[in-house]
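*Asks:* Provide a 3D model corresponding to the input given below.
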Amino acid sequence: MTSRFWPIPEARHAGGSPGLPLAGSRHVAWDLVNRLGDGPDEHLLASDLVPERRDRLVALRAPVCGLSMDVPRIMGILNVTPDSFSDGGRHDTLERGVAHAHLMAAEADMIDIGGESTRPGAREVPVDEEIARTAPVIREIRAQGIATPISIDTRKAAVAEAALDAGADFVNDVTALRWDARMAALCADRDVPVCLMHSVADPETMQAHATYQDVTREVYDHLAERIDAALAAGIRLDNIVTDPGIGFGKTLEHNLDLLRRLAIFHDLGAPVLLGASRKRFIGTLGLADDAAARMPGSVAVALHGAAQGVQILRVHDVAETRQALRLWAAIAGDNDNSGPA
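*Replies:* Numbers count the residues shown, from 1 in each chain. Sure thing, here's the model as predicted:
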């Protein structure tokens, strides 16, 4: 029987909660846990778990790109594409892309650069074109002295390699190393962090495959399998980040279920990345057809993620999310979580 342990997060106020830290968080604790097996859920105390499993839920995750994972980190989105669902065409020249990177670097802990839209229905971009969109921007960002860690959002090894050569630090693969057989070896050889995201099919057809018996259990099991595949390819556990893939082959209800049980992904033993910014379900619930008008809802989801112990928040609205996190941290009695380390 497969056992998945879902810790129930609670605020870890300064001098307050007696609970255990959740994945080393300064702000989030836990004491109760639900065991999600293949049968009915079972409610347990932390003390009921075997030490190995309890320690996995408590331990501070390894740094990512030199950033401690004890507080939520902001990953700013820089799409150098003409057709991304939210900001397509706004940053698709070298000058505009670098200018936006300068703005984000003031508040973001890392910058995620993508040259291929992964919105539902998006078509594949040729490798050479994707490299031409991303590598020069990364190279120029570094030439202008911006030292903020950069991730390359791609499913293609050749694009990732060109980005790493240009100065990127981290690979963000929406297919969790499934799309390009060479990607795992590249990440292992370069010894760089890699985000393994849950997705189904490809962006062009993924919404046609949004069928699950229990989305959280199935996404958890998929990510556990992808972690095993990454380890088998020589990628160190300390270099693995996981992402449940909000919006990728999921309906509104699937997304909400994953968000409600988000803390279960700490049981995989790696940092968790949440990328929900401006997505369609926020517009549906928030009555905002225009993606740019979904900022308030996006910040609400980011704060929920922080309260679930998520280590990396991938967002479009960097300054607004940073302000919200400052207030959230201050309420917890921590005034040090004010900006990039």
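*Asks:* The chain: strands as residue ranges?
*Replies:* With DSSP state E, the ranges of strands along the chain come out as 4-11, 20-21, 28-36, 42-45, 73-79, 110-114, 150-153, 170-173, 194-197, 240-243, 273-274, 312-315.
*Asks:* What separation is there between Gly286 and Ile74?
*Replies:* 21 Å (C-beta to C-beta, to the nearest Å). C-betas here are computed from N, CA, C, even on glycine.
*Asks:* more neighbours, the two?
*Replies:* Neighbour count, other C-beta atoms under 10 Å: between Gly286 and Ile74, Ile74 has more, with 23 against 15.
*Asks:* Show the contacting residues for the spatially most central residue of the chain.
*Replies:* Closest to where the C-alpha atoms of the chain average out (C-alpha atoms, centre = their mean) is Leu273, at 2.3 Å. By C-beta atoms under 8 Å, 6 or more residues apart in numbering, the residues touching Leu273 are Met75, Asn172, Cys195, Met197, Val241, Thr242, Asp243, Val310, Gln311, Ile312, Leu313, Arg314.
*Asks:* switch the cut-off to 7 Å
*Replies:* Cys195, Val241, Thr242, Asp243, Ile312, Arg314 (C-beta atoms under 7 Å, 6 or more residues apart in numbering).
*Asks:* same question, Ala324
*Replies:* Val299, Ala302, Leu303 are the contacts of Ala324 under C-beta under 7 Å, 6+ apart.
*Asks:* between those residues, which is closest to Gln213?
*Replies:* Ala302 (28.8 Å; C-beta to C-beta).
*Asks:* If you tally nearby residues, what's the number for that closest one?
*Replies:* 26.
*Asks:* Hmm, it is touching Arg314, no?
*Replies:* No - between Ala302 and Arg314 there is no contact under C-beta atoms under 7 Å: 9.1 Å.
*Asks:* follow-up on the earlier one: for the contacts of Ala324, which one is nearest Ala184?
*Replies:* For these, the nearest to Ala184 is Ala302 (29.7 Å; C-beta to C-beta).
*Asks:* Show me the helices in the stretch 101-250 of the chain, by range?
*Replies:* Under the criterion DSSP state H, counting those that start in this stretch, the stretch 101-250 of the chain contains helices at 127-143, 157-166, 183-190, 215-232.
*Asks:* For Ile331, which of these is the nearest?
*Replies:* Short answer: helix 215-232, nearest of the helices of the stretch 101-250 of the chain by C-beta to C-beta, at 28.2 Å.
*Asks:* where's that closest one relative to the chain centroid, distance-wise?
*Replies:* How far helix 215-232 lies from its chain's middle: 15 Å, per C-alpha atoms, centre = their mean, to the nearest Å.
*Asks:* now swap in stretch 60-78 and tell me
*Replies:* With C-alpha atoms, centre = their mean, you get 10 Å for stretch 60-78.
*Asks:* in it, what counts as buried?
*Replies:* 61-62, 64-65, 67-78 (16 or more other C-beta atoms under 10 Å).
*Asks:* Just give the number of residues close to the residue nearest to Ala105 when sequence neighbours are not counted.
*Replies:* Excluding its sequence neighbours, the residue lying closest to Ala105 (C-beta to C-beta, 6 or more residues apart in numbering) is Thr148, at 4.6 Å. Neighbours of Thr148 under the rule other C-beta under 10 Å: 19.
*Asks:* was I right about Thr148 contacting Asp112?
*Replies:* No - in this structure, Thr148 is not within contact of Asp112 by C-beta under 7 Å, at 10.7 Å.
*Asks:* Any stretches of the chain with poor pLDDT?
*Replies:* Within the chain, the stretches with pLDDT under 70 are 1, 14-17, 83-92, 201-206, 208-209, 336-341.
*Asks:* same thing but 50
*Replies:* For the chain, the stretches with pLDDT under 50 are 84-85, 88.
*Asks:* got the contact list for Ile150?
*Replies:* Here Ile150 is in contact with Met110, Ile111, Ile113, Ile138, Ile141, Gly167, Ala168, Asp169 (C-beta under 7 Å, 6+ apart).
*Asks:* All set, thanks.
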